[in-house]
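In: I need the structure of the sequence given here:
(one chain, ligands or ions: 1)
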Amino acid sequence: MTSKSTQYEIGLIGLAVMGENLALNIAGKGFAIAVYNRTVDKVAHFVNSRGQGLPVGGAASMAEFTAMLTKPRKIILMVKAGQPVDDMLQALVPHLDPGDIIIDGGNSHFEDTRRRCRECKEQGFHFMGLGVSGGEEGALKGPSLMPGGEESIYKQVEPILLSIAAKVPEGVCCQYVGPDGAGHYVKIVHNGIEYGDMQLISEAYHLMRDALGLSADDLQQVFDGWNQGVLESFLIEITAGILARKDAETGKPVVDIIVDQAGQKGTGKWTIQSALDLGVPTPTITQAVFARYMSAYKKQRMEAANILTGPDRRYAGNKGEFIKAIHDALYASKICSYAQGFDLLAAAGKAYHWDLNYGDIALLWRGGCIIRARFLAKIEESFRHNCDLPNLMLAPFFRQALIAAQANWRFAVKTGKELGIPTPAFSASLDYYDSYRAALLPANLLQAQRDYFGAHTYERLDKPGVFHYDWY
Ligand code: NBP
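Out: Numbering: from 1, shown residues only. Sure, this is the predicted structure:
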């Protein structure tokens, strides 16, 4: 198939979109890489096409693959998350020697990664969970990498990971995250935040499209403008790019011919499942996941549109002021969403005994990944300045930003409500902000109700202790 030797520094299994591009990135940095895939035909095809001229060797069997690697072997799995990872491990393990390192670069659930770390350790191998973000292009040109596992084992693969990761002025987007499932957990939260960002951008688009009647071309200019300021990010940039595209067949904007139903692969759901397990309020991310579920009710929504009434959706006020208000609502909501994500990381760090460094995590996401954005540099700065920050919203920079955006944020949400245009993530973010800053929430009444029907007891504001009132 290709020249064989035992001199391949690293191996990769799984030649789909991500695996191929990651292998090319690694080989392009001068590391000799051996590749293997369950459907073996893909190996020769890859080596003889995109792998040409690079230090890439293909293997036709697992035995051949493992024989090509220098010891201790370093093997990246880039296969479909879930059972395929266990299937591959089962096939791989008989060919390994104690001390070999297996790195799962897929979107695995962190609990699976914790289990696989334990199981591999029992068999004398090392298992690392590596969060990889940036899609196809990131994998090829420089992804954001979130490595977890034993730190001493990470050090053995660090030179390769650092050389292939994205680089930003502040540093390299690859830092050791923590033990066992920490890397994959950070990737899950990254994806939850990504869901939040995408939903918030879509709500801004929805308000401007329906309330102001802006065309895709108008909207493209707005998003282009926003990408020059505090909202500068990959997702805002591609949103402007999407709005500019025309369908070759009809000449219409492509965005206008796409069905309003969003798919998902489940990592947003994992984020909010973990938030529920750990007792962390993540309403922006949760609403972003639910908004995708609601979008899937397309048939019901189309029927209900003819039955359930609401107000006229057109906004009659000043267009420029409303666009500015939407911008500020998006920015403030985004801050809330990241505050929730980092709060979740803090809770997970405590629960799973990971000593997470939030400044490092913000830097990991600064480049290469889907949520890369200018303001992540400010998040990094905030956590470097105070690593015990109880909530990102309390950092001086973000506190000021929220104060500055607040009036416009409320105006955008209120106007959306008045016009009957749903803004679930904008609204949830504002409620998060207002709840977090409330010294007194109505949970006193709630606790009284619990005590009334279930004798669940309560504490008092005026003295310590646990009390029960005889309600009946
Ligand atoms: P897919 O997630 O589509 O997986 C395809 C690969 O998994 C192929 O190599 C396939 O082999 C292999 N595979 C399957 Br399917 N079932 C298998 C089994 N039972 N045993 C062994 N191998 C099996 O590929 P991808 O989109 O490149 O993603 C790879 C990983 O990276 C996934 O975990 C994904 O969630 C993650 N990820 C993807 C992106 C992205 O933008 N796509 C971004 C970040 C992370 P075959 O050729 O024989 O079918």
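In: CA atoms for contacts and neighbours, from now on please.
Out: OK.
In: could you measure from the residue of the stretch 201-350 of the chain at minimum distance from the ligand over to Q199?
Out: Residue nearest to the ligand within the stretch 201-350 of the chain: K265 (7.9 Å; CA to the nearest ligand atom). The gap separating K265 from Q199 is 15 Å, by CA to CA, to the nearest Å.
In: ok, now A166?
Out: As for A166, its distance to Q199 is 25 Å (criterion: CA to CA).
In: helix, strand, or coil at the residue of the stretch 201-350 of the chain closest to the ligand?
Out: coil (DSSP: H, G, I helix; E, B strand; the rest coil).
In: pLDDT at it, what is it?
Out: pLDDT, K265: 90.
In: what is the burial count for it?
Out: For K265, the tally of surrounding residues (other CA atoms under 10 Å) stands at 8.
In: do the one 10 residues further on as well
Out: When neighbours are counted by other CA under 10 Å, A275 registers 24.
In: would you list every one of the strands in this protein?
Out: 10-13, 33-36, 56-58, 74-77, 101-104, 126-133, 144-148, 167-168, 171-172 (DSSP state E).
In: gap between the fifth one and the chain center?
Out: Computed by CA atoms, centre = their mean, to the nearest Å, the separation of strand 101-104 from the middle of its chain amounts to 21 Å.
In: try the third one
Out: For strand 56-58, the distance from its own C-alpha centre to the chain's C-alpha centre is 32 Å (CA atoms, centre = their mean).
In: that strand - contacts with which helices or strands?
Out: strand 33-36, helix 41-48 (3 or more CA pairs under 8 Å, 6 or more residues apart in numbering; DSSP states H and E).
In: got the CA positions of stretch 268-276 in CSV?
Out: Extracted as CSV, the C-alpha positions of stretch 268-276 are listed here (Å, rounded to 0.1, in the frame of the first residue of the first chain):
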residue,chain,number,x,y,z
GLY,A,268,-26.0,20.5,23.5
LYS,A,269,-28.3,18.0,25.2
TRP,A,270,-25.3,16.5,27.1
THR,A,271,-24.4,20.0,28.4
ILE,A,272,-27.8,20.6,29.9
GLN,A,273,-28.1,17.1,31.2
SER,A,274,-24.9,17.7,33.1
ALA,A,275,-26.2,21.1,34.2
LEU,A,276,-29.3,19.3,35.6
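In: list the buried residues in it.
Out: By 16 or more other CA atoms under 10 Å, the buried positions in stretch 268-276 come out as 268-272, 274-275.
In: contacts for that stretch, please.
Out: 109, 188-189, 191-192, 195, 281-282, 285-286, 289, 344 (CA atoms under 8 Å, 6 or more residues apart in numbering).
In: which bits of the stretch 51-200 of the chain sit near the ligand?
Out: Within reach of the ligand by CA under 6 Å from any ligand atom, the stretch 51-200 of the chain has these residues: 78-81, 84, 87-88, 106-107, 132-133, 135-136.
In: 8 Å instead?
Out: Taking CA under 8 Å from any ligand atom as the measure of proximity, the stretch 51-200 of the chain contacts the ligand at 78-88, 105-108, 131-136.
In: just those residues: which are in helices?
Out: Taking DSSP state H as the definition of helices, those contribute 83-88, 135-136.
In: which of the residues you listed sits closest to M68?
Out: Closest to M68 out of those is M88 (17.5 Å), distances taken as CA to CA.
In: from C336, how far off is that closest one?
Out: The value you get for M88 to C336, if CA to CA is used, is 40 Å.
In: neighbour count: those two, which is higher?
Out: Neighbour count, other CA under 10 Å: between M88 and C336, C336 has more, with 29 against 17.
In: can you pull the contacts of the residue nearest to the spatial centre of the chain?
Out: By CA atoms, centre = their mean, the chain has its centre lying nearest to N191, at 1.7 Å. Listed by CA under 8 Å, 6+ apart, the contact partners of N191 are 267-268, 271.
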